[in-house]
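1. Attaching a predicted model along with its sequence, questions to come.
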Amino acid sequence: MYCITAPRNNLTTSCVYKPSEYSRVLTFCGPGNNGGDGLVAARHLHHFGYKPLVCYPKRTQKPLYAGLVTQLEALSIPFLSVEDLPSDLSNDFDVLVDAMFGFSFHGSPRPPFDDLIHRFVSIHNHNQTGQKRSVIVSIDIPSGWHVEEGDVDGTGIKPDMLVSLTAPKLCAKKFIGPHHFLGGRFVPPVIAEKYNLVLPPYPGTSMCVRIGKPPQIDISAMRENYISPEFLEEEAEADPINQFQNGCDALAVGWLKEPNAMALSTVGKEENRKISFSIFFTIMGS
Ligand SMILES: NC(=O)C1=CN([C@@H]2O[C@H](COP(=O)(O)OP(=O)(O)OC[C@H]3O[C@@H](n4cnc5c(N)ncnc54)[C@H](OP(=O)(O)O)[C@@H]3O)[C@@H](O)[C@H]2O)[C@@H](O)CC1
């Protein structure tokens, strides 16, 4: 899967939500720099093979943002108004990128963001009913969270992925989702020193790094059942060598899954070995 956001002027990719499975992305952009990050993310996602759409209800006329919008329009990336949004976002989108507010958010969200944040929260609650829902990726700070205290009353957005920029803000301590990344690799040493930042090493040339606890792995979901067709006594060859040869033939044509061991055994009294069995089995990880 791809970590699918992009701090300004950086490409950050790592495998989390692959475009083959999560191509339909809707990016919600707010009026400030966090929204600007969302515009950049949408452009990068387009180039990575996703099909992004953008909802940018409170535009600023500053040249930097106008330029980002022009770039998206040049790529024919559609813009949706709040009124155009489908009633059930999970039906139409695999991923919702939350780029509404970052560290300058204060007070209570004003319209139309109050309603949009509410929709993000409802999507997460749907998850508890077991229905398929969009995953939520928040840039820098889940919108509506207090920059230091986080989701104070526990009713805010609960993203599946948080992409902190430059350094995680204090509220990130309250993030409980499975994927936490840090983007914005090139922090000038003088800044790191000034703010006493202890930043993790970035692997290779990657522009982001996974931080926080690794995702939980469901070991039971990895279990494979190796069930072969029934093998009846009367079907066994009288000669165990022939039975063994049959087994080898089955292996050669791929009839048995992942074979890595074979046992040939016989049953019956020592002096009367009429029945023979070839048993094939596989052992995971051996
Ligand atoms: N090193 C880093 O970390 C870097 C961080 N960067 C990114 O910048 C982000 C910070 O950007 P930012 O300062 O522009 O503020 P941001 O949070 O986008 O929002 C401000 C806007 O929201 C509005 N607004 C506020 N409260 C509101 C409310 N209740 N309801 C409605 N509106 C409200 C406010 O309007 P105002 O209240 O002032 O009228 C203003 O228009 C940061 O989190 C990260 O994503 C990178 O780009 C660079 C490196």
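-> Looks like it came in fine. These figures come from a predicted structure and were not determined experimentally. Residues are numbered from 1 along each chain as shown.
2. residues near the residue of the stretch 101-250 of the chain found nearest the ligand, how many?
-> Relative to the ligand, the nearest point of the stretch 101-250 of the chain is Gly102 (1.8 Å; Cβ to the nearest ligand atom). C-beta: built from backbone N, CA, C; applies to glycine. Each residue near Gly102 was counted by other Cβ atoms under 10 Å, and the total is 23.
3. for Leu170, same thing?
-> Counted with other Cβ under 10 Å, Leu170 comes out at 13.
4. if I pick the residue nearest to it when sequence neighbours are not counted, what's in contact with it?
-> Counting by Cβ to Cβ, 6 or more residues apart in numbering, Leu170 lies nearest to Glu148, which is 4.2 Å off, once chain neighbours are set aside. Contacts for Glu148 (Cβ atoms under 8 Å, 6 or more residues apart in numbering) come out as Lys169, Leu170, Cys171.
5. need the contact list for the last one.
-> Cys171 makes contact with Ile141, Pro142, Trp145, His146, Val147, Glu148, Glu149, Gly150, Asp151 under the criterion Cβ under 8 Å, 6+ apart.
6. returning to what we had before: Lys174 versus the residue nearest to Leu170, what's the distance?
-> Taking Cβ to Cβ, to the nearest Å as the measure, Glu148 falls 10 Å from Lys174.
7. touching the ligand at all, stretch 69-87?
-> No. Stretch 69-87 lies out of reach of the ligand by Cβ under 6 Å from any ligand atom, never closer than 13.6 Å.
8. Get me the contact residues on this protein for the ligand.
-> 8, 30-37, 101-110, 113, 139-141, 165-166.
9. out of those, which are inside helices?
-> Per DSSP state H, helices hold the following members of the residues of the chain next to the ligand: Asn33, Asn34, Gly35, Gly36, Asp37, Phe113.
10. my read: the third one touches Cys29, true?
-> Yes. With contact taken as Cβ atoms under 8 Å, Gly35 and Cys29 are classed as touching, separated by 3.7 Å.
11. of those two, who's got more company?
-> Each of Gly35 and Cys29 has its neighbours counted (other Cβ under 10 Å); Cys29 has more, 29 against 26.
12. contacting residues around the more buried one?
-> Residues in contact with Cys29 (Cβ under 8 Å, 6+ apart) are Gly35, Gly36, Gly38, Leu39, Ala42, Val54, Cys55, Tyr56, Ala99, Met100.
13. Check Pro57 too.
-> Ser81, Val82, Pro112, Phe113.
14. My reading is that it lies in a helix. Confirm?
-> No. The assignment for Pro57 is coil, going by DSSP: H, G, I helix; E, B strand; the rest coil, so no helix is present there.
15. Quick check: phi and psi on Ser122?
-> phi -60, psi -40 (degrees, to the nearest 10).
16. And the strands in the stretch 51-200 of the chain?
-> Remark: strands assigned in the stretch 51-200 of the chain by DSSP state E, counting those that start in this stretch are 51-55, 95-99, 135-139, 161-165, 179-183.
17. okay, these in CSV with mean pLDDT and mean neighbour count next?
-> CSV is the format used below for the strands of the stretch 51-200 of the chain (pLDDT from 0 to 100; neighbours: other Cβ atoms under 10 Å):
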stretch, mean pLDDT, mean neighbour count
strand 51-55, 98, 21
strand 95-99, 98, 28
strand 135-139, 97, 28
strand 161-165, 97, 26
strand 179-183, 95, 24
